[in-house]
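**Student:** prediction below, plus the sequence it came from.
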Amino acid sequence: MSTTAPSARLFDFIVASNRLPVDSVVNADGGQGWSRSPGGLVAALEPVMHSHDGAWVGWAGEADLELDPFDIDGLHLVPVRLSAAEVREYYEGFSNDTLWPLYHDVIAAPSFHREWWDAYRAVNQRFADIVAAVSAKGAVVWVQDYQLQLVPKMLRELRPDLTIGFFDHIPFPPYGLFSQLPWRTHVIEGLLGADVVGFQRDADAGNFAQAVRRLKGYATTGSRIEVPIVDESPGVRVFSPIKRGAPSRTVIAKKFPISIDADIYRAAAKDPGIRARARQIRADLGNPAMIMLGVDRLDYTKGIRHRLQAYGELLAEGRINPTEVILVQVASPSRERVKSYIDLRDEIELTVGRINGEYSELGHQAISYHHHSYPREEMVALYLAADIMLVTALRDGMNLVAKEYVASRFDDDGVLVLSEFAGASDELTRAIRVNPHDIDGLKDAFMRAVEMPHDERRSRMRYLRKRVFDNDVEKWSNGFLEVLAHHRHEKDTRSR
Ligand code: G6P
C-alpha cells in the first residue's frame, strides 16, 4: 500500500469510526507499514469511501502513534491518536468489556468502571474536535458504531451547521439490559445529537426508541423522535412529554441493514486463479466428500463453542464420518488483551485439540483450525471450496460473512446454516436457520445441510443470491445518505 501526505483541506463528507481501514504494522525490514483492519465495519465502509471524495477519521490501531493526515489507495485518512491508557480504558475497557457484552445479550458479563467511562468521554470528545476541524461548512458527517456514541451530540454543540448521521453496526439491547448501564442517559443523549440514527434490524430501532421514551420521556412516532431544542429535563428520568409548542427537532431512528460489495466477491470467485486455489484447498484437505466452514473473529458472540459442541457430538455418535467430512474453522485474532477473549481462545483451542485428538487420523484432521486472518482472495477461495457455511452467532448485528459466502457462490451451490440471532437472518430467510443454543437442533441442521439434495441447494442459493445482490452495500449507504439528505432539506425548508 502506498501513502502520500495530502494538503490540509476541509471535506464535505466525513466518516468517523474507531478504526481506520488500515492498521499500522511493523514491516519485516523494521519500517512502518499498513495492513487491512479486521471486522465487518471496515469491509462495508471501504467501498462507500471509494465512491465519495470524503475523509475517514479514526484510530490506526496502535497506541501513541502521532500521524499527520495521509492518503492511501485513494482514501483520505485523518488519524486520531490514542494513548496506551486510552487503548486500555476506552477501547479494550469501555468499548469492548462494557458496551460490547452489554449490547450482545450479556453473553459475557459487562464490567462497569467509572475511569473507563471518563476515558470513553474524553476520546469521543477528541473525535468530535477532529471531525469539526476537518469539516467544511454544512458538511455531512457519518459517525459509526458503539465506540463513538457520544460524538453526535458533542459535534452538534461544536458545529450546529453540520448534518450528522450515526450508524450502529451492533445490536441495540432491550431496555431491561441497556438500563444496567450507569451512563445510559448520556449515551441516549449522545445518539440523539444525530439527525438520523441507523440500526441493523427493526428490533434494534425499537429498543432504542423505548430507551428514549423511558429515559427522556420524548414522544416517538414510528421512526420519528421529537427532541426539544432546549432540554429542560434534569437529565435523569423525565416521563412528561414535551410541552406543546416547544421548539423541537426531529431525529429519525430506523433500520438500514448493512451489506457487502457483492460484485467484488462474485468477480473474485470467477477469477481462474482463485478457483484453482479453491481446488488446491480441497486437495490439501484430502479431497473430503464434504467441507464445512466457519469464519469468525474469535469472539464469544459468534457461537464457535456451540458449533464445536454440535460437531463433536455428531462425530461421537457416528453421524458424521471424520474421513469424509472436515470442519475448517478460521478464527481471526481479535481484542487479544481482553480477558474474556483470552479465556475464549483457551477454551476453543482446548476443544479443537480434544476433538482432533479423538477423531483425526494420520493425514486427516477432523477440524482444520486456523488462528489467522486471511486476505479477501484466500477467503473467497475458501468460500468456493466449502460445501457448507456455518454461521452460529449467539448475537450479531448483521454478520457479513454469511453474505460474502452467498455472493461468492456464482455456481449456485453451497448451503448456508445461519443463526436466527444474526441480523442477516431477517433477509436470508432461505438459509437453514438455527437457534445455536439448541445443540440437538444444531446437529440436525448440520445433518440436513450435509444431506441436502442438489436441487434444493441450488434453489435456496439462488434465492439467497438474489437477496444479497438486490441489497448490496451501495444500496445501504445510498439509503442512509438519502434519508439524511432529505432530513437536511426538511430542516432547511422549516428554518426558512
Ligand atoms: C465489529 C464492530 C466494529 C469493529 C470490528 C472489529 O465489526 O462492529 O466496530 O471494528 O468488530 O473489532 P475491533 O475491536 O478489532 O475493531
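**Tutor:** Here it is on my side, so go on. Owing to the predicted nature of the structure, the values given are computational and were not obtained by experimental measurement.
**Student:** when you work out contacts or count neighbours from here on, use the C-alpha atoms and nothing else.
**Tutor:** Will do.
**Student:** can you pull out the low-pLDDT segments for the stretch 201-350 of the chain?
**Tutor:** For the stretch 201-350 of the chain, applying pLDDT under 70 flags the ranges 231-244.
**Student:** quick one: name the residues of it near the ligand.
**Tutor:** By the rule C-alpha under 6 Å from any ligand atom, the part of the stretch 201-350 of the chain lying against the ligand is 334-335.
**Student:** what's near enough to touch the residue of the chain found nearest the ligand?
**Tutor:** Going by C-alpha to the nearest ligand atom, the ligand is nearest to G39 of the chain, at 3.9 Å. For G39, the contacting residues are R297, by C-alpha atoms under 8 Å, 6 or more residues apart in numbering.
**Student:** doesn't V406 fall inside a helix?
**Tutor:** Yes - assessed by DSSP: H, G, I helix; E, B strand; the rest coil, V406 belongs to a helix.
**Student:** what is the neighbour count of it?
**Tutor:** As a burial measure, V406 scores 32 neighbours (other C-alpha atoms under 10 Å).
**Student:** the protein - how does it break down into domains?
**Tutor:** If you go by automatic domain parsing, the domain ranges for the chain are 3-258+475-495, 262-470.
**Student:** quick one: distance of the longest one to the chain centre.
**Tutor:** Mean C-alpha position of domain 3-258+475-495 versus that of the full chain (C-alpha atoms, centre = their mean, to the nearest Å) differs by 13 Å.
**Student:** do the same with stretch 460-477
**Tutor:** 17 Å.
**Student:** before we move on, what about stretch 436-449?
**Tutor:** With C-alpha atoms, centre = their mean, you get 25 Å for stretch 436-449.
**Student:** got the contact list for it?
**Tutor:** 303, 306-307, 309-311, 313-314, 388, 392-394, 415-417, 419, 432-435.
**Student:** from the residues you listed, which land in helices?
**Tutor:** In helices, judged by DSSP state H, the following of these are found: 306-307, 309-311, 313-314.
**Student:** quick one: buried residues of stretch 26-44?
**Tutor:** Neighbour counts over stretch 26-44 (16 or more other C-alpha atoms under 10 Å) mark 33-34, 36-44 as buried.
**Student:** and what of stretch 54-69?
**Tutor:** Using 16+ other C-alpha under 10 Å as the burial criterion, the residues of stretch 54-69 that qualify are 54-61, 63, 65, 69.
**Student:** what sits up against that stretch?
**Tutor:** Contacts to stretch 54-69, defined as C-alpha under 8 Å, 6+ apart, come from residues 5-6, 8, 11-20, 22-24, 49, 75-84, 87, 127, 130-131.
**Student:** and those, which of them are buried?
**Tutor:** The buried subset of the contacts of stretch 54-69 - by 16+ other C-alpha under 10 Å - is 11-20, 22-24, 49, 75-82, 87, 127, 130-131.
**Student:** ok, and of those, which contact the ligand?
**Tutor:** R19.
**Student:** export the buried residues of stretch 26-44 to a markdown table and tack on pLDDT and secondary structure?
**Tutor:** As requested, these are arranged in a markdown table below (pLDDT from 0 to 100; DSSP: H, G, I helix; E, B strand; the rest coil):
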| residue | pLDDT | secondary structure |
| --- | --- | --- |
| G33 | 88 | strand |
| W34 | 91 | strand |
| R36 | 87 | strand |
| S37 | 89 | coil |
| P38 | 81 | coil |
| G39 | 81 | coil |
| G40 | 79 | helix |
| L41 | 87 | helix |
| V42 | 89 | helix |
| A43 | 85 | helix |
| A44 | 88 | helix |
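**Student:** residue contacts, the closest residue to P257 other than its chain neighbours?
**Tutor:** Of all residues not flanking P257 in the chain, Q200 sits nearest, at 4.5 Å (C-alpha to C-alpha, 6 or more residues apart in numbering). By C-alpha under 8 Å, 6+ apart, the contact list for Q200 reads 168-171, 255-258, 397-398, 423.
**Student:** so where do the helices sit in the stretch 251-400 of the chain?
**Tutor:** Assigned by DSSP state H, counting those that start in this stretch, the helices in the stretch 251-400 of the chain fall at 262-270, 272-284, 304-316, 339-359, 376-385, 400-408.
**Student:** go through these and pick out the most buried.
**Tutor:** helix 400-408 (a mean of 25; mean count of other C-alpha atoms under 10 Å).
**Student:** ok, back up a step: in TSV: the helices of the stretch 251-400 of the chain, plus distance to D118.
**Tutor:** Listed next are the helices of the stretch 251-400 of the chain as TSV, based on distance: least, C-alpha to C-alpha, whole Å:
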stretch	distance to D118
helix 262-270	40
helix 272-284	48
helix 304-316	33
helix 339-359	21
helix 376-385	37
helix 400-408	32
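**Student:** need the residues of the stretch 51-200 of the chain near the ligand, please.
**Tutor:** Checking the stretch 51-200 of the chain against the ligand by C-alpha under 6 Å from any ligand atom, the hits are 145, 169-170.
**Student:** give me the buried entries from the residues you listed.
**Tutor:** For those, a burial check counting by 16+ other C-alpha under 10 Å picks out 145, 169-170.
**Student:** so who does M154 touch?
**Tutor:** M154 neighbours (C-alpha under 8 Å, 6+ apart): 125, 128, 190, 193.
**Student:** the second one touches V151, doesn't it?
**Tutor:** So the one you mean is A128. Yes - A128 is in contact with V151 according to C-alpha atoms under 8 Å; the separation is 5.5 Å.
**Student:** what about the two, which has more around it?
**Tutor:** A direct count of neighbours by other C-alpha under 10 Å for A128 and V151 places V151 higher, at 29 against 25.
**Student:** contacting residues for the more buried one?
**Tutor:** 124-125, 127-128, 143, 190-191, 193.
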